[in-house]
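1. fold the following.
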Amino acid sequence: MPKSKQPKKSNVGLPQLKNMIEEISKDRNLPSSAVQTALREALLKGYERYRRSQHLDQMQFDEDHFDNFDVFLDLDEEAFQVVATKTIVEEVTDEDREISLSEVKNIQQESASDLSEEQFAQIGDSVVLDVTPEREDFGRMAAIQAKQVLAQKLRDQQRKIIQEEFEQFEGTSLMGKVLRFERQSVILSVSSSFGQPDVEAELPQKEQLPNDNYRIGRTFKVFLKQVREGSQRGPQLLVSRGAAGLVVELFANEVPEIEEELVRIVAVAREASPPSRHVGPRTKIAVDTLEGDVDPVGACIGARGSRIQVVVNELQGEKIDVIRWSPDPSTYISNALSPARIDEVRLVNPDGRQAHVLVPIDQLSLAIGKEGQNVRLAARLTGWKIDIKDSAKYDPVAAMAEVESQRRADSEYQSRYQPDYQDAGYAEDNY
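-> Next up is the predicted model:
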């Protein structure tokens, strides 16, 4: 469908337009193009208000009623122009979207240049018409609305820039500085790239570490979990000190072999906020290598523990176990229960990923850990259900009978409640 050329300009003056855009751009630290976009959208909203005031008898407008209107800014003349794309029809039923063929011909005859790309406009063609109101007709209320919308659009532009910039950093660590406290959350300023000022990030209570001292001005490394979308108030960035990913990032920064891909982190299980205040934060991390002459555990620990100590210090003394991953489940489970000494690992139900771990009586408490933390983390790290057993009292026959009985009970439960079982879902460590 042919469309007309841009019409002759009939602008409404905006004194000091250039200076205004430059000042807003500097104050908000936004590019000039973003400020101009916000200003155009605000003026368009003001024009919509002006048009609505002319149709007081028509209280309801479709959501897309004004989609065919646009605003142009003339920075040289410091003014703006409103245009509308209208369809040429025989009889007009919507003056905001349509124009009669006879009116177009009259405009063509009066205009110094044709309004359409064709020599003669035809029914069904589109024309772009100058619909800029006189300055006094624009109205005080329309101007006020334009000013209010401008403030909102500028905030939206800032949020859009933050979102576009930080989305690429999701799942990485950033440096944050404590600014203030809101309810139970800590608000931090996070360094931004591309010359942007620091932006605010929220550290909710559930993502905080119990050993951290969040005093104003103190800096921490945080893990960027999410860049929030939408126009909700408050910080867009959601950060964490308790995410397993933070441990991964800290090790990656301290261990060159990880960056060089000589050592890889296979799995992480972290309990940053234990259920009991008597149990401290703890992490288990499984590492591996394909290089025969590289010790992955030693690389992560460093000479005299120098590398792991940096990570421990950043996490305020959190206990960290670095263990060697193995493709053999028995070996992997045994390693995961470090520092306990293991006698034997029995894979009693491989399909159900269930194992019995036999330990000497003097290693029971160490294998289980305070309030079960060590075995709980080992189970999460390996993905196996681990039962710690006293080697001296272990009866293989009775143990297998118990496993078989439990397996039948689980199978019966699943068959009876299959829909609920399938919909339940299971949480896994995800860093």
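2. in stretch 182-190, what's buried?
-> Within stretch 182-190, the residues scored as buried using 16 or more other Cβ atoms under 10 Å are Ser185, Val186, Ile187, Leu188, Ser189, Val190. Using the backbone N, CA and C atoms, a C-beta is placed for each residue, glycine as well.
3. sorry, slip of the keys, the one I care about is stretch 67-78.
-> Asn68, Phe69, Val71, Phe72, Leu73, Glu78.
4. for the first one, give me phi and psi.
-> According to degrees, to the nearest 10, the main-chain angles of Asn68 amount to phi -90, psi 10.
5. residues contacting it?
-> When contacts are counted by Cβ atoms under 8 Å, 6 or more residues apart in numbering, Asn68 is found next to Ala84, Thr85, Lys86, Asp96, Arg97.
6. does Glu257 touch Phe251 like I think?
-> No: the pair Glu257 and Phe251 does not pass the contact test of Cβ atoms under 8 Å, sitting 10.0 Å apart.
7. how many residues are close by Ile24?
-> Residues contacting Ile24 under the criterion other Cβ atoms under 10 Å number 19.
8. for Ile99, that is, sorry about that
-> Other residues within reach of Ile99, judged by other Cβ under 10 Å, total 21.
9. helices or strands up against the helix or strand where it lies?
-> With the criterion set as DSSP states H and E, the secondary-structure element containing Ile99 is strand 98-100. Identification of packing neighbours for strand 98-100 by 3 or more Cβ pairs under 8 Å, 6 or more residues apart in numbering; DSSP states H and E yields strand 79-89.
10. okay, buried residues for the strand it packs on please.
-> Ala79, Phe80, Gln81, Val82, Val83, Ala84, Lys86, Thr87, Ile88, Val89.
11. ok so, going back, quick one: which of the buried residues of stretch 182-190 is nearest to Arg408?
-> Each of the buried residues of stretch 182-190 was checked against Arg408 using Cβ to Cβ; the closest is Ser185, at 48.0 Å.
12. for that closest one, give its distance to His356.
-> Distance, Ser185 to His356, by Cβ to Cβ, to the nearest Å: 44 Å.
13. how about Pro256?
-> The value you get for Pro256 to His356, if Cβ to Cβ is used, is 40 Å.
14. more neighbours: those two, which one.
-> Taking neighbours as other Cβ under 10 Å, Pro256 and His356 compare with His356 leading, 21 against 12.
15. may I have the beta-bridge partners of the more buried one?
-> Taking DSSP bridges as the rule, His356 bridges to Arg346, Asp387.
16. now Asp351, what's its secondary structure?
-> In the three-state summary, Asp351 is assigned as coil, counting by DSSP: H, G, I helix; E, B strand; the rest coil.
17. alpha carbons of stretch 285-294, as PDB, please.
-> The C-alpha atoms that make up stretch 285-294 are tabulated as PDB, following Å, rounded to 0.1, in the frame of the first residue of the first chain:
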ATOM      1  CA  ILE A 285      33.000 -28.800  45.800                       C
ATOM      2  CA  ALA A 286      33.900 -31.700  43.400                       C
ATOM      3  CA  VAL A 287      36.700 -31.100  40.900                       C
ATOM      4  CA  ASP A 288      38.300 -33.100  38.100                       C
ATOM      5  CA  THR A 289      40.900 -32.900  35.400                       C
ATOM      6  CA  LEU A 290      41.700 -34.700  32.100                       C
ATOM      7  CA  GLU A 291      45.400 -33.900  32.500                       C
ATOM      8  CA  GLY A 292      47.400 -36.700  34.100                       C
ATOM      9  CA  ASP A 293      50.000 -34.500  35.600                       C
ATOM     10  CA  VAL A 294      47.500 -32.100  37.300                       C
END
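18. which elements pack onto the longest helix belonging to the chain?
-> Of all the elements of type helix in the chain, the one with the most residues (DSSP state H) is helix 140-166. In terms of contact count using 3+ Cβ pairs under 8 Å, 6+ apart, helix 140-166 is assigned the packing partners helix 17-28, helix 32-53, strand 219-227.
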